[in-house]
Structures are given as structure tokens and as C-alpha cells.
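Colleague: Sequence unavailable; structure follows:
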């Protein structure tokens with residue numbers, strides 16, 4: 001599903017492995033920048049480009065199975081944001097999917113990119129017959145506010161769940177959303 005940004009230039013779509021590989025340098029930049037800015041996405045600072053590259057190579061490879069979608073936001077051919085959707089392959093969870101690593105380039109934050117990516121996540125989940133989405137995020141962050149605005153429901157908080165990229169303990173909040 002291709003959608004356009006109200007500003008007219010942004011396109012949101014599922015990235016094929018080939019397209020994602022074409023944008024590998026931008027994916028690396030997004031991840032390094034996010035970690036530098038304190039995002040809790042599984043890495044600590046400093047995050048070097050080779051480590052970020054390895055992560056993205058693995059993420060791109062995982063999209064070949066069909067259980068993992070990489071959704072990107074592009075402006076004039078430049079990748080400015082991404083989010084991942086893991087479609088649970090377990091036999092007892094064909095209705096479930098998990099959302100990972102919503103990243104938006106700092107130059108494009110607070111302009112609706114994250115909301116557009118999450119709208120596409122929900123559309124893709126519906127396309128794959130998923131009715132329950134799950135995610136976790138840091139307590140008190142911009143993503144928490146976004147998810148609440150978009151109708152996600154908090155299901156619990158885990159104090160000191162992880163350390164931020166600079167070593168400070170942070171709580172995570174788990175969210176869910178039922179799709180109609």
C-alpha cells in the first residue's frame with residue numbers, strides 16, 4: 001500500500017530486500033543517529049557503522065521469509081524513516097504481530113513520519129490477517145505519546161527494563177492494539 005504525506009513528497013511502503021539493500025547506507029545512518037540521540041532500540045553508544053550495517057543486513061535477510069516486514073518512509077528517493085513488523089509464525093498465534101524499531105531521521109521528526117509509518121504497520125497487519133499488535137517503548141518518550149495518540153492501549157510497565165544507550169536505567173511500557 002503506497003500512501004502520500006500531506007506535504008506531498010513522502011511515500012510509505014514495504015521495502016523489498018532489493019530496495020532495502022539499495023538504501024542500506026541510509027538505514028545505517030538512521031540507526032546510528034537514533035542511538036546517538038538516546039533511542040532504546042537494543043544498542044549502546046557509541047554505535048559504529050559496521051555494527052549497524054550488520055544489524056540491517058540481518059534484518060533485510062529476515063524479510064525474505066515473509067514473517068518480517070521492513071516498512072520505509074521515503075522523501076524524494078531518500079529513506080527518512082523505518083519500522084519493522086514481525087508476523088508471528090507460531091501455530092498458536094496466527095492473529096498476532098509485533099512492531100519493532102520505529103526510527104525517524106532527526107531532520108524529519110515531528111512532521112508526521114512516525115504516525116504515517118505506524119498507519120502503514122496497521123494496514124500491513126490487516127493485510128496479513130493480524131488482529132493483535134504488540135510493542136514496547138521507553139517510558140516518557142515521544143514514541144509513547146505517539147502510540148497513545150494513535151489509540152494503543154498500555155498493558156504494563158517494567159521498571160529498569162533496560163539501559164539507555166548511555167547506561168541509564170529506563171522503564172519500558174508495553175502496548176497493544178486490536179485491529180478491527
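Modeller: Great, that's in hand. Just so you know, these numbers come straight off a predicted model, no measurement behind them. Numbers count the residues shown, from 1 in each chain.
Colleague: Listing request: residues of this structure with sub-threshold pLDDT.
Modeller: 1-8 (pLDDT under 70).
Colleague: ok, which stretches of it are strands?
Modeller: 3-4, 10-14, 68-75, 78-87, 96-104, 132-138, 153-163, 169-178 (DSSP state E).
Colleague: Include mean neighbour count and distance to residue 59 when you put those strands into TSV, please.
Modeller: All C-beta spots, glycine's among them, are computed from the backbone N, C-alpha and C. TSV is the format used below for the strands of the chain (neighbours: other CB atoms under 10 Å; distance: least, CB to CB, whole Å):
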stretch	mean neighbour count	distance to residue 59
strand 3-4	12	22
strand 10-14	18	13
strand 68-75	22	6
strand 78-87	21	7
strand 96-104	22	8
strand 132-138	20	16
strand 153-163	12	19
strand 169-178	16	21
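Colleague: List the contacts of the closest residue to residue 125 other than its chain neighbours.
Modeller: Nearest-residue entry for residue 125: residue 97, 4.9 Å, with adjacent residues in sequence omitted and distances by CB to CB, 6 or more residues apart in numbering. Residues near residue 97 by CB atoms under 8 Å, 6 or more residues apart in numbering: 85, 86, 87, 88, 125, 128, 130, 132, 133, 134.
Colleague: about what we covered before: using JSON lines, lay out the strands of the chain together with distance to residue 45.
Modeller: Formatted as JSON lines, the strands of the chain follow (distance: least, CB to CB, whole Å):
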{"stretch": "strand 3-4", "distance to residue 45": "33"}
{"stretch": "strand 10-14", "distance to residue 45": "28"}
{"stretch": "strand 68-75", "distance to residue 45": "23"}
{"stretch": "strand 78-87", "distance to residue 45": "20"}
{"stretch": "strand 96-104", "distance to residue 45": "15"}
{"stretch": "strand 132-138", "distance to residue 45": "15"}
{"stretch": "strand 153-163", "distance to residue 45": "11"}
{"stretch": "strand 169-178", "distance to residue 45": "14"}
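Colleague: Having no further points to raise, I will conclude here.
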